[in-house]
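Asker: curious how this folds, go ahead:
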Amino acid sequence: MAEFKFPVDASQIMLFARSVGDNNPIYHDAEYAKGMEPGGVVAPPTFVQASSQYDPKFPLRPVIGEPWFGSGKEATGLKPKEKKASDGDKKSSGDNSARMLHAEQQYVYHKPIRPGDDLTVTTKRGNSWEKEGRRGGTMSFSEVITEYRDSSGDLVVTATSVGVTTGKAVSQD
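Answerer: Below you'll find the model as predicted:
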């Protein structure tokens, strides 16, 4: 189970809201937000995704000089290593990244996130299951559950992510 701290400040909330194109003043105007139901500035939905920048082991952040799992074909400029398969065809070595997909994301909001919150982020494995696919063989699904708690230990957000690994890699031709 991974755990790290996510300190929240008003500028992060404002920049995140701008990055997703949401100009609601409740995300940046303290005077306006004071008169709204939450009584102050709050973070927009999905803001907790910004916590990944505080996770020292976040797998999608490039590490200089190391091959990267991200969406770029050769994001770090390093060429993938190749090895000979038993049938004589060249195949890329490494993990199942060509067969892995993000399938679903769900958020349950328990309390608003506010500037000044110091959230503790805890991640654990959830359920896993398999389903037979029509083209890609057996698909293996797995959940990752991330809980965000404030300094009082109260649950603020529960995020559930579902990933899928297909039985066959998609053709790269």
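Asker: and the residue nearest to V162 when sequence neighbours are not counted, how close does it get to G137?
Answerer: Distance criterion C-beta to C-beta, 6 or more residues apart in numbering; nearest residue to V162, sequence neighbours excluded, is E104 at 4.0 Å. For the C-beta atoms, the positions are set from N, CA and C on the backbone; glycine is no exception. According to C-beta to C-beta, to the nearest Å, E104 and G137 sit 20 Å apart.
Asker: show me the strands in the protein, by range?
Answerer: 2-7, 82-84, 90-92, 100-109, 118-132, 138-149, 155-165 (DSSP state E).
Asker: and of the ones you listed, who's closest to T46?
Answerer: strand 100-109 (6.8 Å; C-beta to C-beta).
Asker: keeping just the C-alphas, turn the closest one into PDB.
Answerer: Taking Å, rounded to 0.1, in the frame of the first residue of the first chain, the C-alpha atoms of strand 100-109 are listed here in PDB:
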ATOM      1  CA  MET A 100      -2.700  -2.100 -21.000                       C
ATOM      2  CA  LEU A 101      -5.500   0.400 -21.000                       C
ATOM      3  CA  HIS A 102      -7.200   2.700 -18.600                       C
ATOM      4  CA  ALA A 103     -10.900   1.500 -18.600                       C
ATOM      5  CA  GLU A 104     -12.700   3.500 -15.900                       C
ATOM      6  CA  GLN A 105     -12.400   6.200 -13.300                       C
ATOM      7  CA  GLN A 106     -14.900   6.900 -10.500                       C
ATOM      8  CA  TYR A 107     -14.800   9.500  -7.700                       C
ATOM      9  CA  VAL A 108     -16.800   9.600  -4.500                       C
ATOM     10  CA  TYR A 109     -16.700  13.000  -2.800                       C
END
